[in-house]
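Q: just coords:
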């Protein structure tokens, strides 16, 4: 499980898309949310869009790996699709905030690798939020006021990258993913393989 977190506008969606397009062993975790779809978003692909009452049912039944309230809407990760993908040998990419990462860490243990994406500056962050033209000035101001709190959790993550050059940032995150895949604790069947080597096979 690979987590990417950042304040809104720091570039984690761009990084996520690049990772997914270049790596067929990586799939995106689709979150459930109570917020309304943005233009072009597809239910079941971008998010599972649902009413608050249905979201609460998932919470109460323990069907979410993590969940949090962000900007008056609820977000959470349904556990079923994640378990299915992991059982098929897929790595799962999560685009979640620090609250979700803390909850996921409690359940995933060594299976979790977390990366925090920092913007190069506060000014650059605000400029990116305004240039994507998805939110009103009021929402942009809300996101900027929340960014400082989100950034304060950077030290809870395994890795931190600064997105001052998106191509370099993508390369750094790709390198982290590749390195984590070959860590000894994740190499299933390695003991048997090494024993075979020692016995001359």
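A: Now that the structure is in, tell me what you want to look at. Computed from a predicted model, the values in this text were never measured in an experiment. Numbers count the residues shown, from 1 in each chain.

Q: how close does residue 76 get to residue 24?
A: Using CB to CB, to the nearest Å, residue 76 is found at 27 Å from residue 24. Placement of C-beta: from N, CA and C, glycine included.

Q: neighbour count winner among the two?
A: residue 76 (24 against 8; other CB atoms under 10 Å).

Q: Contacts for whatever helix or strand that one lives in next, please.
A: If you go by DSSP states H and E, residue 76 is part of strand 73-78. Under the contact criterion CB atoms under 8 Å, 6 or more residues apart in numbering, strand 73-78 has outside partners 29-35, 48, 52, 55, 58-59, 63-69, 94, 96-97, 100, 104.

Q: Listing partners with orientation, what would you give for that strand?
A: The strands that strand 73-78 pairs with in its sheet are strand 31-33 (antiparallel), strand 64-70 (antiparallel) (by DSSP bridges).

Q: Not counting its neighbours along the chain, what's nearest residue 41?
A: residue 47 (6.6 Å; CB to CB, 6 or more residues apart in numbering).

Q: is it true that that neighbour touches residue 34?
A: No. Between residue 47 and residue 34 there is no contact under CB atoms under 8 Å: 9.7 Å.

Q: all strands for this structure, in order.
A: For the chain, the strands defined by DSSP state E occupy 2-5, 26-28, 31-33, 47-49, 64-70, 73-78, 91-95, 113-118, 159-162.

Q: most packed of the ones you listed?
A: strand 2-5 (a mean of 24; mean count of other CB atoms under 10 Å).

Q: quick one: strands adjacent to that strand?
A: Partners of strand 2-5 in the sheet, by DSSP bridges, are strand 91-95 (parallel), strand 113-118 (parallel).

Q: What is the distance between it and the centre of its chain?
A: Its chain's average C-alpha position is 3 Å from that of strand 2-5, according to CA atoms, centre = their mean, to the nearest Å.

Q: Can you name the residues in contact with that strand?
A: Identification of contacts with strand 2-5 by CB under 8 Å, 6+ apart yields 12, 15-16, 26, 91-98, 100-101, 104, 112-117, 150, 153, 157, 173, 177, 180.

Q: Tell me the spacing between residue 116 and residue 6.
A: 6 Å.
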